[in-house]
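K.L.:
have a look; sequence and predicted model below, questions after that.
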Amino acid sequence: MWLFLVASSYVVRIHAGSPDEVRSIVESLVSDGLNDIAHVDYGKGLYVDVVVSDYEMSYLKERGFSYKVIEESPDLSVKINFGPYYTYSEAYSALSNIHSSFPSLVSAPFSIGTTWEGRDIWAVRVGADSSLHKPVFWLNNAIHAREPGGVSVGIGFVDFLTKMYGRSPEITYLLDNRTFYYIPVANPDGYTYNEVSDGYWRKNKRDNNNDGQFTEADDGVDLNRNFGYMWGYDDNGSSPDPTSPVYRGPAPFSEPESQAYRDFFNSVQPAVAIDMHTYSNLILWPWGYTSTPTAEDTIYRFFAWRMFRHNAYQSYQSYYLYPTNGTTDDWIHGATDEHPLALGWTFEVGEAFWQPDTGIIVEQIGENIMPLLDLLKASGPYIEIDNFDYTFSGDTVYISISGKNVGFGFNLNSLTATITVPDTFGVVVDGTENIGDVSSVPDGYFSAPNAFAVVVRDYLPYKNFPVEITFTTPDGFSQNIPLFVAEKLDTLFYDDFDTDLSQWTVVGDNVWGISNGNLTESPSGDYSNNLDTYIKLASPLNVSDYGMVKLVIVHRWDIEGNSYQDLGSSIYDWASIDVNASYLENLWPVLQRYWASQGTYITQEFDLTQFRDTALNIRLKFYSDYSVTADGWNIDKVLIVGARPYLTVDESEYDPSSSMFGHLMIEGRDGLYNIRVPYNSPIDVHVFNAGGRLVLRKKLESGGSIDLRNFSPGFYIIHARTTRETLSKKIIIR
């Protein structure tokens, strides 16, 4: 049985006068062996957070550092019980419960290995149809034992996926076509030790001096310095000293925990992997051991920008935070002699190791839902439609698409797009587009103007109908994307803020008001410091029967923070647009965040279709820190629109070809065709070529013929319409 001695730990903040001084402090602390760096702020804050013991605090005083204790725990019950955070056993139970509720989507927890003290390192497999070989996505938490916030985010993400499966076509496709392995606690010994200590232990529980008892001063290996790629590259990015918080261990992969991680990772071969930590609100990518970027740096920046818009976490190569070596993300990316090339990421969630407030925890889950989805998409080939445009010409709809393949390392060669429309609504006269070869990120863009043509049934009062575009390649890739053509949009919610805020509910600081016809959090001038407030729809919307739902917002902003386009920018204050549905309970995924300055009004659209619900809601959230204010967020209009099919008959399955008037006929061959009806009606005839272009239009009185014998050889569609029915016929001119 282990004996152990508990030491007191503190997080202290050392302030500096410039970014260069911040870096100098980091270098000085590391050289003095105080290298348990928790957070570094090179921006407005200009400080270094470091975890120290009582003795090390005395050493800081002797060295002349001016510091402030920002985290300690006089009430140990909060951390011993983990408060609202998951303990090791609670994490296992939470995932077991999700498995019980969704056994076809989430496996029962299984062990990928054991620790020094014999604890299981649990994992679950997320995804439908586990018998298929699918691209793999990886997420692990708590390789550093004192970081339970990441465990909450990881379990929250798994829970979100299961709730959205079957509701969201996007997430349904991802779970059908990905395998996601999730490890909630990669360092169980250290994690459970924090359940009975002051909560700041970082390493595992290796008995470094083999004395049979555990002491924080002497024992443990930093598992995130124990991986083989560039292990021990230098003594700045890791330490050979067993007493150091960043002790790299006696050899690469010397620890049973890192061995289990390595062996399982190599066996499942993820394309994208995340090692989630707390804290700092950062997203980092390799390399950590050198300032030289990876060959895939442009790809990392592509995905970092996508994620940056959602959670506003600073993003850059991890070396520029401070040098490290022997880390997970460097090994994930660099150890290509062990597994295929993969993208390795480090997330640093939150503002402190311990933020035991349920509201803060749920916010951290919500702000990372979309970034995690971005990387789940990236782990295999995935088509995103950026623009779905359509024009109306008589009874014909011409459809254009453009988009991109966001899969990392998955080229889509000889890509074909095919559109389908339910017969109730129309006939596809040009349904296939050969897009060609589409590479992987960051160059995988495509455009297909006027790719499709659809002739709409004449009994429809509006050209509102669902379509589905299926992308395929000869080597087996297939992805269906449901979309909606809408000639008529229903206004579901509208506010131009010319009167009052009766359609909204304020939560938190009651600062919202109307100024010059705009909604703003600062109607009397600049916003205040230390705000945490949002305004949401007072009455959630029932949009469950709509085929498409969009949010439109017209706004501008001036919010403290550096350039909106700069991944490395410091974000101090921010605004965000969040969405909620009743089945997500109190979770609000972030659609987009805003900071810096947008001086003129812009109009943005957000597709809310995947959140269709009987109680859809949006909220507009504003946060500011302790200093510096600006004009804030000015919102001119908020509009939510929806589209749904409109039929003139009660039965949506109505098929005119089987009705009592279904006698319109097109007969003929070799370019000469007779068109007739057994009742008195003019016949409008349209002929389309294979590209969907109208090449002939003719009006017949109750019948007649058309002569296409002089047309160029190829494929054509004859579309005939009477006052009662329509009929289309495919022909070939030879």
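P.N.:
On my side now, so go ahead.

K.L.:
sec struct for the nearest residue to residue 437 once chain neighbours are set aside, please.
P.N.:
Among residues not flanking residue 437 along the chain, residue 413 sits closest, at 4.8 Å (CB to CB, 6 or more residues apart in numbering). In short, each C-beta sits where N, CA and C put it, glycine included. Following DSSP: H, G, I helix; E, B strand; the rest coil, we place residue 413 in the strand state.

K.L.:
residue 93 now?
P.N.:
Residue 93 - assigned by three-state DSSP - is helix.

K.L.:
count of neighbours near it?
P.N.:
Counted with other CB atoms under 10 Å, the neighbours of residue 93 add up to 13.

K.L.:
cool, residue 174 as well?
P.N.:
The number of residues packed near residue 174 is 24, by other CB under 10 Å.

K.L.:
quick one: it and residue 376 touch, right?
P.N.:
Yes. Counting by CB atoms under 8 Å, residue 174 does reach residue 376; the two are 5.6 Å apart.

K.L.:
so the residue nearest to residue 437 sits against residue 477, correct?
P.N.:
No. The criterion here is CB under 8 Å, and residue 413 misses it with residue 477 at 9.2 Å.

K.L.:
which of these two has more residues huddled nearby?
P.N.:
Comparing residue 413 with residue 477 by other CB under 10 Å, the one with more neighbours is residue 477, at 21 against 12.

K.L.:
and the gap between that one and residue 636?
P.N.:
43 Å (CB to CB, to the nearest Å).

K.L.:
repeat for residue 563
P.N.:
24 Å.

K.L.:
now residue 9
P.N.:
Distance of residue 9 to residue 636, given as CB to CB: 50 Å.

K.L.:
and the two? which has more neighbours close in?
P.N.:
The neighbour comparison of residue 9 against residue 636 (other CB under 10 Å) goes to residue 9, with 25 against 17.

K.L.:
so the closest residue to that one other than its chain neighbours, which of the three states?
P.N.:
Excluding the flanking residues, the one nearest residue 9 by CB to CB, 6+ apart is residue 200, at 3.5 Å. State at residue 200, reduced to three classes by three-state DSSP: coil.

K.L.:
for residue 200, what are its contacts?
P.N.:
Counting by CB atoms under 8 Å, 6 or more residues apart in numbering, residue 200 makes contact with 9-11, 51, 146, 194, 353.

K.L.:
in helices, which of the residues you listed fall?
P.N.:
In helices, defined here by DSSP state H, the members of these are residue 194.

K.L.:
where is pLDDT lowest across the contacts of residue 200?
P.N.:
Ranked by pLDDT, these bottom out at residue 9, which scores 80.

K.L.:
tell me if I'm right that residue 205 and residue 117 touch.
P.N.:
Yes. Residue 205 is within contact range of residue 117, at 6.2 Å (criterion: CB under 8 Å).

K.L.:
compare those two (neighbour count), which wins?
P.N.:
Taking residue 205 and residue 117 together and counting by other CB under 10 Å, residue 205 has the greater number of neighbours (26 against 15).

K.L.:
do you know how far that one is from residue 226?
P.N.:
From residue 205 over to residue 226 the distance is 13 Å, taken as CB to CB.

K.L.:
residue 160 against residue 588, yeah?
P.N.:
No. In this structure residue 160 lies outside contact range of residue 588 using CB under 8 Å: 11.2 Å.

K.L.:
which one of these two is surrounded by more residues?
P.N.:
residue 588 (25 against 21).

K.L.:
could you say which helix or strand holds the more buried one?
P.N.:
Using DSSP states H and E, residue 588 maps to neither a helix nor a strand.

K.L.:
for residue 193, which non-adjacent residue is closest in space?
P.N.:
Using CB to CB, 6+ apart and skipping residues adjacent in sequence, the residue nearest residue 193 is residue 201, 5.3 Å away.

K.L.:
doesn't residue 144 make contact with that neighbour?
P.N.:
No. Taking contacts as CB under 8 Å, residue 201 lies outside contact range of residue 144: 9.1 Å.

K.L.:
what is in contact with the two at once?
P.N.:
Shared contacts of residue 201 and residue 144, defined by CB under 8 Å, 6+ apart, comprise residue 190.

K.L.:
more neighbours: which of the two?
P.N.:
Each of residue 201 and residue 144 has its neighbours counted (other CB under 10 Å); residue 201 has more, 28 against 24.

K.L.:
can you list contacts of stretch 441-453?
P.N.:
Residues outside stretch 441-453 that contact it (CB under 8 Å, 6+ apart) are 298-299, 302-303, 378, 396-408, 411-412, 415, 417, 419, 428-431, 433, 435-436, 438, 688, 691-692.

K.L.:
how about the CA coordinates for it, as PDB?
P.N.:
Provided in PDB are the C-alpha atoms of stretch 441-453 (Å, rounded to 0.1, in the frame of the first residue of the first chain):
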ATOM      1  CA  VAL A 441      -7.000  21.100 -47.200                       C
ATOM      2  CA  PRO A 442      -6.000  23.800 -47.700                       C
ATOM      3  CA  ASP A 443      -6.500  23.700 -51.400                       C
ATOM      4  CA  GLY A 444      -9.600  21.500 -51.800                       C
ATOM      5  CA  TYR A 445     -12.000  24.100 -53.200                       C
ATOM      6  CA  PHE A 446     -14.400  23.500 -56.000                       C
ATOM      7  CA  SER A 447     -17.100  25.500 -57.900                       C
ATOM      8  CA  ALA A 448     -19.900  24.200 -60.100                       C
ATOM      9  CA  PRO A 449     -22.000  27.000 -61.500                       C
ATOM     10  CA  ASN A 450     -25.400  25.900 -62.900                       C
ATOM     11  CA  ALA A 451     -24.600  22.400 -62.000                       C
ATOM     12  CA  PHE A 452     -28.200  21.200 -61.900                       C
ATOM     13  CA  ALA A 453     -31.700  22.000 -63.300                       C
END
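
K.L.:
off-centre distance for it?
P.N.:
Stretch 441-453 sits 22 Å away from the centroid of its parent chain (CA atoms, centre = their mean, to the nearest Å).
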